[in-house]
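J.: need a structure here:
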Amino acid sequence: MSKRRARGAIGLLMVIVVGMAAAAQSGAGTGDTSSVLLPSCCAGWTLPANAHLGLAPSQEGTIEIRSLGSFAFDPTQVQSLRKGIFQAGQFSVFDALAHLATQGRIQMQYAWDDTAGTYFIQSLNGKSGWWYDAHYAGGNFERPVVRMDEYPVKDGMAIQLYLEQPDRLDAIQKSFREETARLRANGGHLILPRVKVIAPQAELAFENVTVTSHNSRLDVLQPGVITVLDVLLSLGDEGKLTLVGLTWRAQMDGADPIDGYFVDRIDAEGYSVQATGDCTYSHEVGSEGLMEFLLPHGHTTSHVHLTADLKVLTSPEYVEFLWTCL
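T.: Numbering: from 1, shown residues only. You can find the predicted model right below:
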């Protein structure tokens, strides 16, 4: 096993991980589930419009800022700064923080960085170098490498801000700038240099995959936003995959809400792996430059993470779908 693969097996890099649950047909977990197989008879590799709807956050949320304390916010009062990404009523971790600043409850300066395609905190409580950690109900903190203004807020979410190690924060920001530069070099088209689907006995590999939006989550995201799930659906459009199986979960093992699609099956010529027992597909998005800054992550079925249908893509170096048993 290569050094890179070993790291991937130990910890799903960038902590952009599909919820670790079995397919609905396996009986693992609880809550509302339903399965979808694509391509469908009538719409090809596009999910039925409004097949499932996630709930907009409505319960009081909390942000913990180390050395300052915890701050509650009313989600119905938060407005998204990224109008091109989120639907009305939906917003990100960064939006909740900016809302506290607008109310004068924290002293924070921030600005849009066009070279990185995201908002960065310039100073908070007179200090710079802040980063965040977040997880949904039923999850654990795991230091994500996700743009803060693209991480959707849900009810029951935990959010922390802390002063990050300077070299790690520099590496994160550099990776964002590399993504933006790649997107611009490709004329605004998202072209992934590498995509892999990895299972214990087989794997698929693709190069220079053009990814387009399939508008799978218009309840949360604006039309045209591209997600990790779109990688699989775009490969289907190209005829490189023959089937993708998804399971919608509203709840699971006491975690509520989840409201996301789980990737349970991927088929291609000579390749077919379907979720069974406590095994399913997770995903990894990243850049080689971040490898040394990604800590191992031990996952259990109590962890609920950002699902592929809600993880927004800019133009990363690679995307991998990993067969994960927990």
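J.: element containing Thr210, please.
T.: strand 203-211 (DSSP states H and E).
J.: Run through the neighbouring helices and strands of that strand.
T.: Helices and strands touching strand 203-211, by 3 or more CB pairs under 8 Å, 6 or more residues apart in numbering; DSSP states H and E, are strand 190-198, helix 228-237. From N, CA and C alone the C-beta is placed, and that goes for glycine too.
J.: any idea which of the ones you listed is most buried?
T.: Comparing the helices and strands packed on strand 203-211 on average neighbours per residue, with mean count of other CB atoms under 10 Å, the densest one is helix 228-237 at a mean of 24.
J.: which helices and strands sit right next to that helix?
T.: strand 190-198, strand 203-211, strand 243-249, strand 260-268, strand 318-325.
J.: 10 Å instead, please
T.: Under the contact criterion of 3 or more CB pairs under 10 Å, 6 or more residues apart in numbering; DSSP states H and E, helix 228-237 touches strand 33-38, strand 190-198, strand 203-211, strand 243-249, strand 260-268, strand 279-286, strand 318-325.
J.: Which residue ranges of the protein form helices?
T.: 3-10, 93-102, 166-185, 228-237 (DSSP state H).
J.: how far does the third one sit from the chain's center?
T.: Averaged C-alpha coordinates place helix 166-185 at 17 Å from its chain's average position (CA atoms, centre = their mean, to the nearest Å).
J.: Quick check: buried residues in that helix?
T.: Arg168, Leu169, Ala171, Ile172, Gln173, Ser175, Phe176, Glu178, Glu179, Thr180, Arg182, Leu183 (16 or more other CB atoms under 10 Å).
J.: which residue packs closest to the fifth one, ignoring adjacent ones?
T.: With CB to CB, 6 or more residues apart in numbering as the criterion, Gln173 has its nearest non-adjacent residue at 6.1 Å, and that residue is Ala116.
J.: Which phi and psi values does that neighbour adopt?
T.: phi -110, psi -10 (degrees, to the nearest 10).
J.: what's the neighbour count on it?
T.: 20 (other CB atoms under 10 Å).
J.: can you tell me how far it sits from Trp130?
T.: 15 Å (CB to CB, to the nearest Å).
J.: Ok, Asp155 next?
T.: Counting by CB to CB, the gap from Asp155 to Trp130 is 24 Å.
J.: Neighbour count for the two, which is higher?
T.: Trp130 (22 against 17).
J.: Number of residues surrounding the spatially closest residue to that one that is not a sequence neighbour?
T.: Nearest residue to Trp130, sequence neighbours excluded (CB to CB, 6+ apart): Ile121, at 4.7 Å. A count of neighbours around Ile121, defined by other CB under 10 Å, yields 21.
J.: ok, now Thr212?
T.: Counted with other CB under 10 Å, Thr212 comes out at 13.
J.: quick one: pLDDT of it?
T.: Note on Thr212: pLDDT of 98.
J.: my guess is it contacts Leu229, does it?
T.: No - using CB atoms under 10 Å as the test, Thr212 is too far from Leu229 to be in contact (11.8 Å).
J.: mind putting the buried residues of helix 166-185 in TSV, distance to Leu38 and pLDDT included?
T.: Shown next, in TSV, are the buried residues of helix 166-185 (distance: CB to CB, whole Å; pLDDT from 0 to 100):
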residue	distance to Leu38	pLDDT
Arg168	37	92
Leu169	38	95
Ala171	36	93
Ile172	33	93
Gln173	36	96
Ser175	30	95
Phe176	30	96
Glu178	31	97
Glu179	27	97
Thr180	30	98
Arg182	27	98
Leu183	26	98
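J.: Please consider this matter closed, and thank you.
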